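Asks: sequence first, predicted model second:
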Amino acid sequence: MRIGIVCYPTFGGSGVLATELGKALADKGHQVHFITYQQPVRLTEYNANIFYHEVRVTSYPLFDYPPYETALSSTMVDVIINHQLDLLHVHYAIPHASAAYMAKKIVAVQGITIPVITTLHGTDITLVGRDQTLAPVVAFSINESDAITAVSENLRDETYNIFDIKKEIEVIPNFVDLNRFQKKAIDPFRKVIAPHNERIIVHASNFRKIKRVLDVIKIFDKVNKKIPSKLLFVGDGPDRHDAENLCRELGSCDDIRFIGKQEQIEEILAVSDLFVLPSEYESFGLAALEAMAAGVPLISSDAGGLPEININGKTGFMSPVGDVDSMSRNAIQILEHDEILKTFKFNASEQAKKFDIHKIVPIYEKLYDRFLIRTMPVKKLSPEKI
Ligand code: GMT
């Protein structure tokens, strides 16, 4: 199959998921064409089946706002025609679903049918997409997609609640490459972070408000008073300065490290004991799933799709959003005794197996197949064959 994948190329979950999907499809022999404005961060190795098409946006003094969506549709048209794509799979509705709708209409004039599959990832529905400045276009382009998928049951339900969606939304959860995350801890690396064998707690996100990074610091501060620990912050974003200010205020900076955006997150997870994700909303929580695949238990809020991955009392604990007291108590319960920690670690890695890449990617392939059959030229049977 020749598949066009449209996504954000950054460290965000939707871009990571789309890139990992494209890589897995390419490994299975499909030809994959990434269409985006920058090389996706997880697209680091050469693969003969992978192509990258950069969306270049023309700047002109008249434009206060560069016409990215128009440039994206034009690039899609170019790739559909010149590489004979079988389908377009767009990740994150804004502006990818409407840009794909436009491209679909343009190539139709030339007699080309291109099925469009839209995967909804979370904030494209629950936060940004529902804003009145975008909502009509988001709803329309989702409805015009040939197939719609959501990464969790919660996101599917939220989409039906927020928009008037007339089609079926299929749930295909996020997945993880277990081989990549089941790494042995490198002892000298662990010693650099935790020289006195402190517990290692980690949080990874884009530090946006929705992630509640200040809660992470408050939870850590309470845990650290009881159990000597170190906190690693992976990623970066708007709330970084407030987070630094709070750790100065609490006097916990010596035990907290901001290590920025990391491509080799699996090395960090391999030495970690606990992942903290107190988000206001999380459609799924891919970062948490990657942590669990590395055998790291999860302290999370119970928002959105998190209950679909975190089993309370088994793979970690969940608490209401903002309940830092409950989250710290639960974290202490997991970290206090080696034996308990070991059990939670084991359960976390077992639970991650449900979302194994080898189980989920074939679901996408089956979905693609449905549309290929429809667009293949119908051969007329000769009377003697009937
Ligand atoms: O979490 C983010 O801010 C990034 C965001 C994205 O769209 O890139 O992630 C969303 O998609 C991920 C992959 O499907 C999900 O695992 C995340 O839970 C989801 N984030 C939110 O819903 C806030």
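Replies: Now that the structure is in, tell me what you want to look at. All values reported here derive from a predicted model rather than from experimental measurement.
Asks: residues touching the closest residue to residue 158 other than its chain neighbours, list them.
Replies: Excluding its sequence neighbours, the residue lying closest to residue 158 (Cβ to Cβ, 6 or more residues apart in numbering) is residue 126, at 5.5 Å. (Glycine included, C-beta is placed from N, CA and C.) Counting by Cβ atoms under 8 Å, 6 or more residues apart in numbering, residue 126 touches 155, 158, 162, 281, 283, 304.
Asks: what of residue 85?
Replies: So residue 85 contacts 2-4, 33, 79, 114 (Cβ under 8 Å, 6+ apart).
Asks: show me those residues that map onto strands.
Replies: Judged by DSSP state E, the contacts of residue 85 include 2-4, 33 as members of strands.
Asks: name the nearest of those relative to residue 95.
Replies: Of all these, residue 95 sits closest to residue 4, with 15.5 Å by Cβ to Cβ.
Asks: pull the number of nearby residues for the closest one.
Replies: Using other Cβ atoms under 10 Å, residue 4 is surrounded by 27 other residues.
Asks: which residues does it bridge with?
Replies: residue 33, residue 88 (DSSP bridges).
Asks: that one and residue 35 touch, don't they?
Replies: Yes: using Cβ atoms under 8 Å, residue 4 makes contact with residue 35 at a distance of 5.7 Å.
Asks: overlap in contacts of those two?
Replies: In terms of Cβ under 8 Å, 6+ apart, residue 4 and residue 35 are both contacted by the residues 76, 79.
Asks: farthest-separated two in the contacts of residue 85?
Replies: 33 and 114 (12.1 Å).
Asks: can you lay out the contacts of residue 85 as CSV showing pLDDT and distance to residue 40?
Replies: Converted to CSV, the contacts of residue 85 look like this (pLDDT from 0 to 100; distance: Cβ to Cβ, whole Å):
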residue, pLDDT, distance to residue 40
2, 97, 18
3, 98, 15
4, 98, 14
33, 98, 12
79, 98, 15
114, 97, 21
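Asks: now the strands for the stretch 151-300 of the chain?
Replies: 169-171, 199-205, 229-235, 256-260, 274-277, 298-301 (DSSP state E, counting those that start in this stretch).
Asks: can you list the strands that the fifth one pairs with?
Replies: So the one you mean is strand 274-277. According to DSSP bridges, strand 274-277 forms sheet pairs with strand 199-205 (parallel), strand 298-301 (parallel).
Asks: quick check: mean pLDDT of the shortest one?
Replies: What that stands for is strand 298-301. Strand 298-301 shows a mean pLDDT of 98 in the predicted model.
Asks: still on that earlier bit, make a markdown table from the contacts of residue 126 and add pLDDT and neighbour count to it.
Replies: Compiled in a markdown table, the contacts of residue 126 are given as follows (pLDDT from 0 to 100; neighbours: other Cβ atoms under 10 Å):
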| residue | pLDDT | neighbour count |
| --- | --- | --- |
| 155 | 98 | 28 |
| 158 | 97 | 21 |
| 162 | 96 | 15 |
| 281 | 97 | 19 |
| 283 | 98 | 29 |
| 304 | 98 | 23 |
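Asks: which one of these is nearest the ligand?
Replies: residue 283 (3.6 Å; Cβ to the nearest ligand atom).
Asks: what is the burial count for the nearest residue to that closest one once chain neighbours are set aside?
Replies: Excluding its sequence neighbours, the residue lying closest to residue 283 (Cβ to Cβ, 6+ apart) is residue 122, at 3.2 Å. Neighbours of residue 122 under the rule other Cβ under 10 Å: 29.
Asks: residues contacting residue 122?
Replies: Shown in contact with residue 122 (Cβ under 8 Å, 6+ apart): 13-14, 151, 155, 281-284, 304.
Asks: so which of these reach the ligand?
Replies: Filtering the contacts of residue 122 for proximity to the ligand by Cβ under 6 Å from any ligand atom leaves 13-14, 151, 281-284.
Asks: residue 87: what's it in contact with?
Replies: By Cβ under 8 Å, 6+ apart, the contact list for residue 87 reads 1, 3-4, 114-117, 368, 371-372.
Asks: for residue 321, see how far away the nearest residue to it once chain neighbours are set aside is.
Replies: Leaving aside its chain neighbours, residue 87 sits nearest to residue 115 (4.5 Å; criterion: Cβ to Cβ, 6+ apart). For residue 115, the distance to residue 321 equals 38 Å [Cβ to Cβ, to the nearest Å].
Asks: comparing the two, which shows the higher neighbour count?
Replies: More crowded of residue 115 and residue 321, by other Cβ under 10 Å: residue 115, with 21 against 16.
Asks: could you check how far that one is from the ligand?
Replies: Using Cβ to the nearest ligand atom, to the nearest Å, residue 115 is found at 21 Å from the ligand.
Asks: that residue and residue 219: what is the separation?
Replies: 45 Å.
Asks: name the helices or strands packed onto the helix ranked longest in the chain?
Replies: For the chain, the longest helix by residue count, based on DSSP state H, is helix 357-375. Other helices and strands packing on helix 357-375, by 3 or more Cβ pairs under 8 Å, 6 or more residues apart in numbering; DSSP states H and E, are helix 13-27, strand 87-91, strand 116-120, strand 147-150.
Asks: and the contacts of it?
Replies: 1, 3, 20-21, 24-25, 28, 86-87, 89, 113, 115, 117, 146-147, 149, 170, 172-178.
Asks: which of those residues count as buried?
Replies: The neighbour count (16 or more other Cβ atoms under 10 Å) marks 1, 3, 20-21, 24-25, 86-87, 89, 115, 117, 146-147, 149, 172-178 as buried among the contacts of helix 357-375.
Asks: ok so, going back, how about a markdown table for the helices and strands packed on helix 357-375, with mean pLDDT and distance to residue 202 added?
Replies: Putting the helices and strands packed on helix 357-375 into a markdown table (pLDDT from 0 to 100; distance: least, Cβ to Cβ, whole Å) gives the following:
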| stretch | mean pLDDT | distance to residue 202 |
| --- | --- | --- |
| helix 13-27 | 97 | 16 |
| strand 87-91 | 98 | 25 |
| strand 116-120 | 98 | 27 |
| strand 147-150 | 98 | 27 |
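Asks: brilliant, that's me finished.
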